[in-house]
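Enquirer: Need the 3D shape of this:
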Amino acid sequence: MYTYWTKWTCSKQILFDVDADNKLRNVRFIGGCGGNLQGIARLVEGKDIDEVETLLAGIKCRNNTSCPDQLSKAITEYKASLNAPVEDKE
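Expert: Okay, the predicted model is just below:
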């Protein structure tokens, strides 16, 4: 499960999985507007992460961002983490 700490929103964390087909699974927002965020989580369940990232990017609420925008940023960070070099454990 990937964990993203949000910035400048009512929700504090976003948790999600990505399956082998690049689909979002088990999206969960911690904090924030429960009903709205449950709705967003259900709507993106099983959707391609690239599609969701593009669709939600730039949605504004307060502080020039929103919970959907933060999910887009979480996906961007997740994808970057896949390309990060692995450090030696010596």
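
Enquirer: The longest helix along the chain: which residues count as buried?
Expert: Scanning the chain for the helix with the most residues, using DSSP state H, yields helix 67-83. Within helix 67-83, the residues that qualify as buried by neighbour count (16 or more other Cβ atoms under 10 Å) are 67-75, 78. Just so you know, the C-beta spots here come from the backbone N, C-alpha and C atoms, and that holds for glycine as well.

Enquirer: so what pLDDT did the residue sitting nearest the centre point of the chain get?
Expert: Nearest residue to the geometric centre of the chain (Cα atoms, centre = their mean): Leu71, 3.0 Å. The model reports Leu71 with a pLDDT of 98.

Enquirer: Return the residues in contact with it.
Expert: Applying Cβ atoms under 8 Å, 6 or more residues apart in numbering, we find Leu71 in contact with 14, 16, 27, 40, 44, 52, 56.

Enquirer: swap the cut-off to 7 Å and go again
Expert: 14, 56 (Cβ atoms under 7 Å, 6 or more residues apart in numbering).

Enquirer: Could you measure from it over to Pro85?
Expert: 26 Å (Cβ to Cβ, to the nearest Å).

Enquirer: ok, now Cys10?
Expert: Per Cβ to Cβ, Cys10 is found 35 Å from Pro85.

Enquirer: out of the two, which sits in the more crowded spot?
Expert: Cys10 (15 against 5; other Cβ atoms under 10 Å).

Enquirer: Was I right to think that one contacts Gly31?
Expert: Yes: if you go by Cβ atoms under 7 Å, Cys10 and Gly31 touch, sitting 6.0 Å apart.

Enquirer: neighbours around Tyr2, how many?
Expert: 14.

Enquirer: now it, which residues is it bridged with?
Expert: Counting by DSSP bridges, Tyr2 is bridged to Phe16.

Enquirer: Could you tell me which residues make contact with it?
Expert: 15-16, 78.

Enquirer: try 8 Å
Expert: 15-18, 74, 78, 81.

Enquirer: Equivalent analysis for Ile59, please.
Expert: 66, 68-69, 72.
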